[in-house]
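Visitor: I would like to see how this sequence folds:
(4 chains)
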Number of protein chains: 2
Amino acid sequence: MASSDRRGPYICGIDAAMDVVSGKWKSLILWELANYGTRRFGELKRGLPGVSEKMLIQHLREMEQDGLLHREVYREVPPKVEYALTEHGRSLNEALGPLGEWGQRRAERLAAEGTPPPA
Amino acid sequence: MASSDRRGPYICGIDAAMDVVSGKWKSLILWELANYGTRRFGELKRGLPGVSEKMLIQHLREMEQDGLLHREVYREVPPKVEYALTEHGRSLNEALGPLGEWGQRRAERLAAEGTPPPA
DNA sequence: TTCAATACTTACCTGGAGGTAAGTATTGAA
DNA sequence: TTCAATACTTACCTCCAGGTAAGTATTGAA
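Guide: A predicted model of the protein is given here:
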């Protein structure tokens, strides 16, 4: 969910899914964790160029509350925290597959049509 | 795309798809048009309770520019305008299917867990 | 005693998504 | 001459997602 809690009522499934995945970096976090299995806070930060620490932690917290990922704290010095997808997170990532493929085709089509990225 | 034009560069397919589908009412417009085939402005408005005319027309214009739908004007009095999905719009709607199903399951799970909608 | 490394935390600010409400254009019917 | 019906259009405003930048907590090593 977004920081302004919703959790319904939803008018359709897309609505319910978007409530959980909308957020500038969430789908990328999902992708990163699906690819690497487990990632530390700093690794995620480096893997998402441009993300601010505030938004990264905020998104991670929301995704944890939404049951998409698990947070494991290792009491070491310096501190170490690992994030990993839950089963729900993995299934969401899979459900996003077709959308990603559609977007991929769109990007290729735009490129083929000679639409240069804006200056 | 959002009113602040993006059209890339995209860092992944999800990104490219989200650029086109993010917007409070866009997935619902997609669903409405996929279900009815063709809809007039006023019909869409009545079909999306709560949408403002400003946002509806803005979303429709953006989706037209993104090649998702077609706008057909009938020179009559009173005026008549019909909207229908293009092939791209239809394929996007299909790509959203699994996400919608995931959201549906999530909504059912939340209901089963006894998470009442917020007051 | 200070520093390095990691993972946050907090205060503050800006831009833009989206809402409200009133106005416009067209023309046949009453 | 006014009104009804439809599809916008415009001005103005609010709220919040997200950014920046500085601060905190922990403790072993130098």
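Visitor: What pLDDT does the model give residue A:11?
Guide: Note on residue A:11: pLDDT of 86.
Visitor: Was I right to think it contacts residue B:28?
Guide: Yes. Look at residue A:11 against residue B:28 with CB atoms under 8 Å: they come within range, at 7.3 Å. All C-beta atoms are positioned from the backbone trio N, CA, C, and that covers glycine.
Visitor: which of those two has more neighbours?
Guide: Set residue A:11 next to residue B:28 and count neighbours by other CB atoms under 10 Å in any protein chain shown: residue B:28 wins out with 19 against 13.
Visitor: Next up, identify which helix or strand the more buried one is on.
Guide: Per DSSP states H and E: residue B:28 is located in helix B:26-36.
Visitor: Now that helix: buried residues?
Guide: Within helix B:26-36, the residues that count as buried by 16 or more other CB atoms under 10 Å in any protein chain shown are B:26-34.
Visitor: can you put these in a markdown table and add distance to DNA strand C and pLDDT?
Guide: Formatted as a markdown table, the buried residues of helix B:26-36 follow (distance: CB to the nearest atom of the strand, whole Å; pLDDT from 0 to 100):
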| residue | distance to DNA strand C | pLDDT |
| --- | --- | --- |
| B:26 | 8 | 97 |
| B:27 | 11 | 96 |
| B:28 | 11 | 96 |
| B:29 | 12 | 97 |
| B:30 | 14 | 97 |
| B:31 | 16 | 96 |
| B:32 | 16 | 97 |
| B:33 | 18 | 98 |
| B:34 | 20 | 97 |
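Visitor: The residues you listed: which ones sit near chain A?
Guide: Among the buried residues of helix B:26-36, proximity to chain A is found for B:27-28, B:31 (CB under 8 Å from any CB of the partner chain).
Visitor: Scan chain A for its longest helix.
Guide: Under DSSP state H, the helix in chain A containing the largest number of residues is helix A:97-112.
Visitor: Just the angle for that one relative to helix A:26-36, thanks.
Guide: Between helix A:97-112 and helix A:26-36, the angle comes out at 110 degrees (axes from the mean of the first three to the mean of the last three CA atoms, to 10 degrees).
Visitor: Run the chain-centre distance for helix A:97-112.
Guide: Centre-to-centre, helix A:97-112 and its host chain are 19 Å apart (CA atoms, centre = their mean, to the nearest Å).
Visitor: Next, name the residue at the spatial heart of chain A.
Guide: The centroid of chain A falls nearest to residue A:26 when counting by CA atoms, centre = their mean (2.4 Å).
Visitor: Wait, it touches residue A:60, no?
Guide: No. Using CB under 8 Å, residue A:26 is not in contact with residue A:60; the gap is 9.4 Å.
Visitor: Residue A:92: which of the buried residues of helix B:26-36 is nearest?
Guide: Nearest to residue A:92 among the buried residues of helix B:26-36, counting by CB to CB, is residue B:27 at 15.9 Å.
Visitor: Can you tell me the number of residues neighbouring the nearest residue to that closest one once chain neighbours are set aside?
Guide: Nearest non-adjacent residue to residue B:27, counting by CB to CB, 6 or more residues apart in numbering or on different chains: residue A:14, 4.5 Å away. Using other CB under 10 Å, the number of residues around residue A:14 comes to 24.
Visitor: I appreciate the help and will end here.
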